[in-house]
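*Asks:* kindly generate the corresponding structure for this input.
(one chain, ligands or ions: 1)
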Amino acid sequence: MSAPLVPLAGNGPLATSTLETAELVSETGRQVVFGLAGVCLLALVVWALVWIVRYVRADPLTRVSIRQEVRIRQGWARLAKMTGLSVIDRTPTLLDSLSTPQGQEPKPREHVPKITTKSDQFGVIVHAKLLPNVGLEEFQKKARFLAAAWKCVRVSVLADGPGRVVIRAVRSDPLTVPATFKPSGKPPASVESWPLGVDEYAAEVAIRLANIPGVSVAGLPGYGKTMMINGLICQFAPSAAVQFAVADGKVSTADEGDYADVTDRLFAFVGDDLTEANALFKDMVALRRARTSLIKRVRRTANIWKVGVDKDWPLVVLIIDEAQTFFRDHKGNDRESKRLAALAADNARLVEDLVKKGRSAGMLVILATQKATGDAIPTFIRDVCPVGMSFAQKTADAAVAALGEDIRNWPEANPVSLQDPAYVGVASMVTQGREGFTRVRMPLVDEADAARIAQQTANLAVHPTELLRKLAARTGVSLDSVLDMGRDAA
Ligand SMILES: Nc1ncnc2c1ncn2[C@@H]1O[C@H](COP(=O)(O)OP(=O)(O)OP(=O)(O)O)[C@@H](O)[C@H]1O
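*Replies:* Predicted coordinates for the structure are as follows:
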């Protein structure tokens with residue numbers, strides 16, 4: 001016997017309202033679905049617009065990188081699996097268990113690291129999240145496969161905080177692409193760090209200036225030592241928290257040579273005259289001593305970098321270019337040779353004082369020479385400079401003199417291999433937090449720009465001793481006795 005059929009909806013008022021409610025629900029459902037689809041479409045349009053605007057506004061090289069970036073994103077899941085940068089998860093999630101038909105095993109899931117990408121004129125920067133068994137080392141091992149798949153000249157993989165790596169994929173070699181720097185004339189955000197240029201992966205490289213008393217710069221003539229120092233002056237000239245003095249062993253007067261354009265922004269300049277250079281170095285040592293003896297009283301600290309430099313207590317940068325001129329031993333028994341030899345020895349002693357004791361007083365010495373052997377920069381000065389860099393060098397020994405024995409273990413970064421016109425403006429150096437040596441491409445600064453910046457900021461050039469005198473007077477201390485003591489000792 002069949003069961004009586006029960007009508008789903010009758011003709012009564014209750015049945016009508018159930019029908020209406022059902023229609024209302026389905027209508028609301030349709031609206032929600034359409035609404036969601038609309039939001040998704042809008043998001044898609046906005047996303048597409050952002051990419052189009054980025055693409056149109058980009059320079060031609062960055063456009064190529066944007067296309068490369070799109071290809072990297074599209075092909076990432078597949079490439080990661082092919083190169084072994086994926087992990088199989090055999091433990092089913094709750095959703096997997098519920099959605100798998102009864103009697104069947106949930107399928108294992110294959111995960112690939114999640115990535116985000118960014119492009120610039122040199123290539124693409126990929127940030128990836130690590131997975132269990134897919135760590136920094138695994139990425140580094142696969143770097144050359146990624147480079148081949150992405151058609152890049154180089155791919156570097158570095159740690160990027162806990163659980164993340166940053167992959168730098170460069171299509172064109174940033175070291176051989178000349179760069180220019182147009183100084184803005186605005187004070188830098190910080191004077192504690194000197195942006196130098198970009199490394200072989202187009203990542204920015206900077207030198208810390210805080211707590212650094214000495215930088216040694218070596219390199220064959222014409223490879224960019226002075227250009228780099230001019231770049232430093234142009235970047236920091238608009239800040240009253242930095243004062244510069246130059247001793248240039250290549251010229252006799254300030255209007256000759258490489259610093260002629262920036263003389264207006266220097267508080268002192270001496271040429272190749274050893275007596276004048278000696279007077280400048282004595283002056284700097286006296287300032288160093290006066291600062292050291294006053295710092296506690298006027299700045300309430302023993303290290304200026306704890307409170308930072310400012311216009312009253314600026315970072316004093318003493319640039320000694322063609323340093324060998326001032327330190328070279330003068331052989332000979334005649335009177336003049338003996339006088340020059342004594343001056344050279346005294347210069348070395350004074351500069352040693354600045355490099356060994358100037359850090360906490362906010363003094364920095366930059367020594368530039370062609371070959372950083374002990375006769376050019378005495379080793380007791382060179383070896384205590386925390387930062388050493390070298391442009392191209394002719395011999396392995398010259399590279400070792402400039403960068404230390406360890407450079408022999410890094411043949412790719414050895415400055416001997418930078419002897420090529422394509423590498424004018426490229427130096428090798430140790431950078432913080434990185435193993436080995438980094439090659440850095442520095443930008444070219446136009447002479448006219450350097451002159452413009454120096455003129456615009458000439459009013460900021462003040463002898464730091466005068467600033468210290470005023471500062472001391474404000475705190476009720478007379479500087480003269482302190483300075484006299486410093487001069488006598490120097
Ligand atoms: N970063 C750079 N990019 C491109 N070209 C550069 C760069 N630096 C320097 N040059 C070129 O090399 C020339 C020489 O540079 P610079 O005077 O800085 O060399 P140097 O190493 O100081 O030489 P020297 O030891 O003879 O003083 C510059 O006039 C410029 O044409």
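*Asks:* who in the chain is up against the ligand?
*Replies:* Within the chain, the residues that sit near the ligand (Cβ under 6 Å from any ligand atom) are 178, 219, 221-227, 258, 370, 424-425, 442-444. Glycine gets a C-beta too; all of them are placed from N, C-alpha and C.
*Asks:* can you list contacts of stretch 335-355?
*Replies:* The contact list for stretch 335-355 (Cβ atoms under 8 Å, 6 or more residues apart in numbering) reads 213-214, 274-275, 277-278, 281-282, 284-285, 288, 318, 320, 326-332, 363, 365, 367, 378, 380-381, 384-385, 490.
*Asks:* okay, and which of the residues you listed map to helices?
*Replies:* 274-275, 277-278, 281-282, 284-285, 288, 326-327, 380-381 (DSSP state H).
*Asks:* filter the contacts of stretch 335-355 down to just the buried residues.
*Replies:* Buried members of the contacts of stretch 335-355, scored by 16 or more other Cβ atoms under 10 Å, are 213-214, 274, 277-278, 281-282, 284-285, 288, 318, 320, 326-328, 330, 363, 365, 367, 378, 381, 385, 490.
*Asks:* Throw the ones in helices among the contacts of stretch 335-355 into TSV and include pLDDT and distance to residue 53, thanks.
*Replies:* Output for the ones in helices among the contacts of stretch 335-355, formatted as TSV (pLDDT from 0 to 100; distance: Cβ to Cβ, whole Å):
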residue	pLDDT	distance to residue 53
274	95	61
275	95	63
277	97	56
278	97	61
281	97	56
282	96	60
284	96	53
285	96	57
288	96	54
326	96	55
327	95	57
380	94	58
381	95	53
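*Asks:* of these, just say which sits nearest to the ligand.
*Replies:* Within these, proximity to the ligand (Cβ to the nearest ligand atom) peaks at residue 326, which comes in at 14.8 Å.
*Asks:* list the contacts of that closest one.
*Replies:* By Cβ under 8 Å, 6+ apart, the neighbours of residue 326 are 247, 249, 274, 277, 320, 344, 347, 351.
*Asks:* run the last query once more with 6 Å
*Replies:* 249, 277, 347 (Cβ atoms under 6 Å, 6 or more residues apart in numbering).
*Asks:* quick one: residue 110 from the ligand, how far?
*Replies:* 47 Å (Cβ to the nearest ligand atom, to the nearest Å).
*Asks:* excluding its backbone neighbours, what's nearest the residue of the stretch 51-200 of the chain found nearest the ligand?
*Replies:* For the stretch 51-200 of the chain, the residue closest to the ligand is residue 178, as judged by Cβ to the nearest ligand atom, at 4.9 Å. Nearest residue to residue 178, sequence neighbours excluded (Cβ to Cβ, 6 or more residues apart in numbering): residue 444, at 6.4 Å.
*Asks:* residues of the one helix or strand residue 341 maps to that come out buried?
*Replies:* Here residue 341 sits within helix 335-357, counting by DSSP states H and E. The neighbour-count check on helix 335-357 (16+ other Cβ under 10 Å) flags 340-341, 343-344, 346-348, 350-355, 357 as buried.
*Asks:* I am finished for the moment; much appreciated.
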